[in-house]
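here's my sequence, what's the structure:
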Amino acid sequence: MTNIFMDMEWQNMQKAPKEVRRICHQEVIEIGAVAVNDRGKNAGTFKSFVKPQYITRISAKISDLTGISTGQVVGAAGFADVFHEFMGWCSSFEEPVVYSWSTSDLIQLNDECLLKGVAIGQTEKDIMIGWHDLQKEFNNLIHAEQPTGLERAVNLCGYESDGHKHDAYWDAWNTARIFKATRDTDSFYTTLEKMKEILSYDAQPITMGSLFDFSTLSLSA
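Numbering: from 1, shown residues only. Next up is the predicted model:
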């Protein structure tokens, strides 16, 4: 089995026709992913910008947030091509299982495929049917009443976030690190009560590295 951790960045298409926005409110501008084999080793990476159909320029807000410029997406392939390329990359691994942080990425893929008439093959359907929401799994583990943000979850696993926040590849990478930390049950469950204490009040993200030794849980290259 190969676990694949993916993330996407997108931008709202406020100026698109109403009939378009009834189906889909935003367009994907980047897809990133990390594949991890059953031994916890990095088995491959995926990163691609996506040229939007209805958005003519990347807004200053989204550019500041993601680091993505209009020039980067103008020269990229369109959604259909990148979608099929990503799904082909996933299916190249043995027994691929895809994880994302929340269900928003899967919903966006379905909506954008519907909007743009992108055919979803059987292998792609199988991957999407077996999609996992790691945020939900994490929240269940710590008994959180509210969804836990990616950066906060990373901190609660004893890490600082790697890379640029809201970069699809780096968000996927950090999602993989959370997965690995939660699968080391001996270390994870011994810290669960402390984690619940930290989550019991509204605080800034807290790094637990000074409290617990998670050094053995880093994602292997």
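
low pLDDT regions in this structure?
By pLDDT under 70, the weakly predicted segments of the chain are 189-221.

which parts of it belong to which domain?
2-133, 145-217 (automatic domain parsing).

and the ones you listed as a markdown table, adding mean neighbour count and distance to Asn139?
For the C-beta atoms, the positions are set from N, CA and C on the backbone; glycine is no exception. Output for these, formatted as a markdown table (neighbours: other CB atoms under 10 Å; distance: least, CB to CB, whole Å):
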| stretch | mean neighbour count | distance to Asn139 |
| --- | --- | --- |
| domain 2-133 | 17 | 9 |
| domain 145-217 | 16 | 6 |
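
show me where the chain has its helices.
Remark: helices assigned in the chain by DSSP state H are 18-21, 60-66, 70-74, 79-91, 104-116, 122-129, 134-142, 150-156, 168-183, 185-190, 192-199.

what's the shortest one in contact with?
Applying CB atoms under 8 Å, 6 or more residues apart in numbering, the set of residues contacting helix 18-21 from outside is 13, 54, 115.

again, but for stretch 79-98
1-6, 27-28, 31, 33, 35, 37, 43-44, 46, 48, 50-53, 76-77, 109, 112-113, 116, 118, 121, 123-124, 127-128, 130-132.

ditto for stretch 129-141
With contacts defined as CB under 8 Å, 6+ apart, stretch 129-141 is touched by 5, 97-103, 106, 144, 147-148, 150, 153, 175, 178-179, 182, 188, 192.

do that again at 7 Å, thanks
Residues outside stretch 129-141 that contact it (CB atoms under 7 Å, 6 or more residues apart in numbering): 97-103, 106, 147-148, 153, 175, 178-179, 182.

still on that earlier bit, can you put the helices of the chain in JSON lines and add distance to Asp162?
Output for the helices of the chain, formatted as JSON lines (distance: least, CB to CB, whole Å):
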{"stretch": "helix 18-21", "distance to Asp162": "35"}
{"stretch": "helix 60-66", "distance to Asp162": "16"}
{"stretch": "helix 70-74", "distance to Asp162": "21"}
{"stretch": "helix 79-91", "distance to Asp162": "21"}
{"stretch": "helix 104-116", "distance to Asp162": "19"}
{"stretch": "helix 122-129", "distance to Asp162": "26"}
{"stretch": "helix 134-142", "distance to Asp162": "16"}
{"stretch": "helix 150-156", "distance to Asp162": "8"}
{"stretch": "helix 168-183", "distance to Asp162": "6"}
{"stretch": "helix 185-190", "distance to Asp162": "19"}
{"stretch": "helix 192-199", "distance to Asp162": "20"}
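
from the chain's centroid, how far away is stretch 27-39?
7 Å (CA atoms, centre = their mean, to the nearest Å).

dig out what the residue nearest in space to the middle of the chain forms beta bridges with.
In the chain, the residue lying closest to the centroid (CA atoms, centre = their mean) is Asp7, at 2.7 Å. Assessed by DSSP bridges, Asp7 has beta-bridge partners Gly32.

who's in contact with it?
So Asp7 contacts 32, 100-101, 105, 168, 171-172, 175 (CB under 7 Å, 6+ apart).
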